[in-house]
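A.B. asks: fold the stuff below for me.
(2 chains)
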Protein chains: 2
Amino acid sequence: MGLWVLRYGHRLGRDPRASMHVLLTARALGADGAMLCGEEDAELVGRVEKIVESWGGPFEVRYEKDWMGAVEKFKKNGGCFVNLTMYGLPVQDVIAKIRKESKDCLVLVGSQKVPVEAYDLADFNVSVSSQPHSEIAALAVFLDRYCEGRELTKAWDGKIRITPSKVGKSVNMSNK
Amino acid sequence: MGLWVLRYGHRLGRDPRASMHVLLTARALGADGAMLCGEEDAELVGRVEKIVESWGGPFEVRYEKDWMGAVEKFKKNGGCFVNLTMYGLPVQDVIAKIRKESKDCLVLVGSQKVPVEAYDLADFNVSVSSQPHSEIAALAVFLDRYCEGRELTKAWDGKIRITPSKVGKSVNMSNK
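C.D. replies: Here you go, the predicted structure:
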């Protein structure tokens, strides 16, 4: 378990780009894995796996047909389930409580409208502002605050590595 | 001036959804305004203006044909120009310095590949992790850290307001 992201309601025609943002944000900002729910999209999952292969891990990504079953299983194993929604309680008020609740956390972000069952199953319905914006942005702020910034100092073991630069681009490639 | 976001390289066919995420994230997470650069998209700008009308402001959004001219003008007026890029210096290392640099800050996020001129013009090239993920996520973390979380407690004056709830949805509409 650990820190996981669940992308709810993926649609093949409409969502690949936004869902890719969600999955890569999960990886880059501290999650241990992500589940893609909704319409099956092996190509998208494969593209994320290729990023993990090149840029490092560990990060698990998989298609999950039964989102509710996955949530119930996560909760049964002692994990905390968070539904990110503009209607929920402010992230700044509940993040410490969520962190204390369990060492395992599953965060749902929707593409399609999220059903009432997610609100009911949630240990915490959480908002990153009560304004309309972006589930990708909300996820990013949630993860950064959940991980207390430590995710940004993680040492990655990928074949491709960037050395932060004041100007320009410094990329190192290895063949390991 | 104040805190502004510049969306670079918008493309009509491909980018409306991602650019909408960028513009709404800018509004929700503390920016005073945003410029859309690249291909002109009056419909997108209009959609954001409608959100401002319903959900509150102030937030200015406009199409800007000459991105480089806009950046140069912002800098000439004493503002600090930040280019968000995975190749830049870690946000956690430079955010305090950026805040001190000027009370005005313009943050560029790309859709298309960002040209070398942006890197050269930037007072700070800044990364939110050196991993590939999402310019929307990077912008969200940058804004949250730049505003030190204060953006999440802003009181909005819109016709539509949400009251944060533990479960369910509480929406208030006024006709003012």
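A.B. asks: before we move on, what SS does A:Leu24 have?
C.D. replies: Following DSSP: H, G, I helix; E, B strand; the rest coil, we place A:Leu24 in the helix state.
A.B. asks: neighbours of it, just the number please.
C.D. replies: Number of residues near A:Leu24 (other C-beta atoms under 10 Å in any protein chain shown) recorded here: 24. Where you see a C-beta, it was placed from the backbone N, CA and C, and this is true even at glycine.
A.B. asks: which residue is the nearest non-sequential neighbour of it?
C.D. replies: With C-beta to C-beta, 6 or more residues apart in numbering or on different chains as the criterion, A:Leu24 has its nearest non-adjacent residue at 4.1 Å, and that residue is B:His133.
A.B. asks: tell me the phi and psi of the one you found?
C.D. replies: Per-residue torsions, B:His133: phi -150, psi -100 (degrees, to the nearest 10).
A.B. asks: hmm, A:Ala28 and it touching each other?
C.D. replies: Yes - judged on C-beta atoms under 8 Å, B:His133 makes contact with A:Ala28 at a distance of 3.8 Å.
A.B. asks: pLDDT weak spots in chain A?
C.D. replies: Applying pLDDT under 70 to chain A picks out residues A:176.
A.B. asks: quick one, strands of it?
C.D. replies: Under the criterion DSSP state E, strands of chain A are mapped to A:3-10, A:33-38, A:60-63, A:80-90, A:105-110, A:124-127, A:160-162, A:171-173.
A.B. asks: and the second one, which strands flank it?
C.D. replies: Meaning strand A:33-38. strand A:3-10 (parallel), strand A:60-63 (parallel) (DSSP bridges).
A.B. asks: residues contacting the residue lying closest to A:Lys169 once chain neighbours are set aside?
C.D. replies: With sequence-adjacent residues excluded and distances taken as C-beta to C-beta, 6+ apart, A:Lys169 is closest to B:Tyr87, at 4.3 Å. Applying C-beta atoms under 8 Å, 6 or more residues apart in numbering or on different chains, we find B:Tyr87 in contact with A:Ile162, A:Pro164, A:Ser165, A:Gly168, A:Lys169, A:Ser170, A:Val171, B:Asn125, B:Ser127, B:Ser130.
A.B. asks: more crowded one of B:His133 and A:Ala28?
C.D. replies: A:Ala28 (28 against 24).
A.B. asks: would you confirm that the more buried one contacts B:Glu135?
C.D. replies: No - at 11.8 Å, A:Ala28 does not count as touching B:Glu135 under the criterion of C-beta under 8 Å.
A.B. asks: on that earlier part again, winner for burial among the strands paired with strand A:33-38?
C.D. replies: Among these, strand A:3-10 has the highest mean neighbour count (mean count of other C-beta atoms under 10 Å in any protein chain shown), at a mean of 24.
A.B. asks: between it and strand A:80-90, how big is the angle?
C.D. replies: 80 degrees (axes from the mean of the first three to the mean of the last three C-alpha atoms, to 10 degrees).
A.B. asks: list the contacts of strand A:3-10.
C.D. replies: A:15, A:19, A:22-23, A:26, A:30-39, A:41, A:44, A:64, A:67, A:70-71, A:74, A:79, A:104-114, A:118, A:139, A:143, A:146-147.
A.B. asks: sorry, back to before: report the buried members of the contacts of B:Tyr87.
C.D. replies: Applying 16 or more other C-beta atoms under 10 Å in any protein chain shown to these, the neighbour count classes A:Ile162, A:Pro164, A:Ser165, B:Asn125, B:Ser127, B:Ser130 as buried.
A.B. asks: now those as TSV including distance to B:Leu3?
C.D. replies: Shown next, in TSV, are the buried ones among the contacts of B:Tyr87 (distance: C-beta to C-beta, whole Å):
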residue	distance to B:Leu3
A:Ile162	27
A:Pro164	23
A:Ser165	25
B:Asn125	18
B:Ser127	19
B:Ser130	24
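A.B. asks: nearest to B:Lys97 among the residues you listed?
C.D. replies: Distance to B:Lys97, by C-beta to C-beta, is smallest for B:Asn125 among those, at 12.7 Å.
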